[in-house]
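> need a structure here:
(chains A, B, C and D)
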2 protein chains.
Amino acid sequence: MSVKYAILGLLHYKDMHGYRVKEVIENEFGFMWSINYGQIYPNLKQLEQEGLVTKIDVAQRNAPDKKLYSITEKGEEAFTGWLNTAPERGMLIRDPFLLKFVFFSFSDKERALEIIEEQIRVYTADLSSRQHRYDHKQNENIHVRLMRELGISLNEMMLAWLERAKTEIAAEISSRRPRKAGIQ
Amino acid sequence: MSVKYAILGLLHYKDMHGYRVKEVIENEFGFMWSINYGQIYPNLKQLEQEGLVTKIDVAQRNAPDKKLYSITEKGEEAFTGWLNTAPERGMLIRDPFLLKFVFFSFSDKERALEIIEEQIRVYTADLSSRQHRYDHKQNENIHVRLMRELGISLNEMMLAWLERAKTEIAAEISSRRPRKAGIQ
DNA sequence: CCTCTCATGTAAGACGTTACATGATTCA
DNA sequence: TGAATCATGTAACGTCTTACATGAGAGG
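Residues are numbered from 1 along each chain as shown, chains lettered A, B, ... in the order given. Model prediction:
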């Protein structure tokens, strides 16, 4: 949907080839975006056909040739237009863990707790890598810095919530008061 | 990907028809899931073919007929198997606003602030409707209650972050120290 | 020698969204 | 009369993921 504009935005910042685009998106937008070559290369081709970017082949000595893309004036206009428009739809979180979580009342409680603990480990690792990245890169650009802070806040909030969930669910197990499950 | 299991999970809780499935998903998983009939009806058909659910037609007097689906034993097994398996991939947030946000260093600062303010209004409205739902529904099921709390926490965190972002960006504008933009 | 990184691509399939079609009843 | 709610569905179109294919150079 907006992969196109994400690429355009990166090319607006500097010329890049497809491989680098993926790298930057993974490093910078990794917590909110996933991308793969099956999206990048066809999109770059399409952007070129639409006249929003141009391509030059660059030969390299000790690495494969690459195709450097630059944004055109028409591309700049498209990008600016998109940027100044209010975003279409709101945030969507897709997390297979959260979906399972809602149904944990129907599952073996001990197994549910195990999965929660696994998840805590995952988020803890995520948080420390984000923290590390935040501390060890210069956060010169205010927007990029704020985004990194958001990633950290999100992670911290999830962890706090998971710990609370774990405690409450564990308490329910030990007090053995099976209640009727009820969604809505 | 797991729409199938979401439906199975709801049918595990009680018999439902497609229309109701959508309603429940929107109300309960609304902040992490979006769904439409184009997904539900074909999925129900497929689940039936796989023998995971069965269907009965129910005639109604003052409303159109409906097709009530029930989970089968095979369906229960499939659901339990899925539930006890560690979730595949991690959380993915898709938010067109956040994507724009990263690029706001390239945009007209005043316009960027306007968009941020719009976003604050959106999240404020979201929060109060979630708060309202939390206060006015019985939260008998611990997992459903915890999920609602997560939604509220998420909302509060986003608002706090947006307010901070707004203040910092406004401060930058008034101090007029244009810095070089830099992603990584 | 084997694996990693660099680099570009395609094809098939899964998944999701939008828009349309139908039609009765209820409520203002 | 018109809109909203209840209810089911499909077709077309987009988007995303997975898996494959290719190949050179660097480093252990």
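> the helix or strand A:Met147 falls within: which residues count as buried?
Element membership of A:Met147, judged by DSSP states H and E, is helix A:142-175. Using 16 or more other CB atoms under 10 Å in any protein chain shown as the test for burial, helix A:142-175 gives A:142-155, A:157-159, A:161-162, A:165-166, A:169, A:172. (Glycine included, C-beta is placed from N, CA and C.)
> which among those are in contact with DNA strand C?
Filtering the buried residues of helix A:142-175 for proximity to DNA strand C by CB under 7 Å from any atom of the strand leaves nothing.
> pretty sure A:Gln131 sits against A:Ser153.
No - the pair A:Gln131 / A:Ser153 is not scored as a contact, 11.4 Å apart, by CB atoms under 8 Å.
> contact partners for the residue positioned nearest the centre of chain A?
Nearest to the mean C-alpha position of chain A, by CA atoms, centre = their mean, lies A:Met32 at 2.1 Å. If a contact means CB atoms under 8 Å, 6 or more residues apart in numbering or on different chains, then A:Met32 has B:Leu92, B:Ile93, B:Arg94, B:Asp95, B:Leu98, B:Leu99 as its contacts.
> ok but it is inside a strand, no?
No - in this structure, A:Met32 is coil, not part of a strand, as judged by DSSP: H, G, I helix; E, B strand; the rest coil.
> backbone dihedrals for it, please?
Backbone geometry at A:Met32, expressed as degrees, to the nearest 10, gives phi -130, psi 0.
> any idea how far it is from B:Ile56?
43 Å (CB to CB, to the nearest Å).
> what residue spans form the domains of chain A?
A:3-83, A:96-175 (automatic domain parsing).
> show the end-to-end separation of the last one, please.
The stretch domain A:96-175 measures 29 Å between its terminal residues, going by CA to CA, to the nearest Å.
> partners of the lowest-mean-pLDDT helix or strand in chain A, with directions?
The weakest-scoring helix or strand in chain A, judged by mean pLDDT, DSSP states H and E, is strand A:92-94 (a mean of 85). Using DSSP bridges, the strands paired with strand A:92-94 are strand B:92-94 (antiparallel).
> what residue in chain A comes nearest to DNA strand D?
Per CB to the nearest atom of the strand, A:Gly38 is where chain A lies closest to DNA strand D, at 2.6 Å.
> how near is that residue to DNA strand C?
Using CB to the nearest atom of the strand, to the nearest Å, A:Gly38 is found at 3 Å from DNA strand C.
> again, but for A:Arg61
Look at A:Arg61 and DNA strand C: by CB to the nearest atom of the strand, they are 11 Å apart.
> just give me the neighbour total for that residue.
Neighbourhood size, A:Arg61 [other CB atoms under 10 Å in any protein chain shown]: 4.
> can you mark which positions in stretch A:103-117 are buried?
Buried residues in stretch A:103-117, counted by 16+ other CB under 10 Å: A:Phe103, A:Phe104, A:Ser105, A:Phe106, A:Ser107, A:Ala112, A:Leu113, A:Ile115, A:Ile116.
> for A:Ser70, phi and psi?
According to degrees, to the nearest 10, A:Ser70 has phi -130, psi 150.
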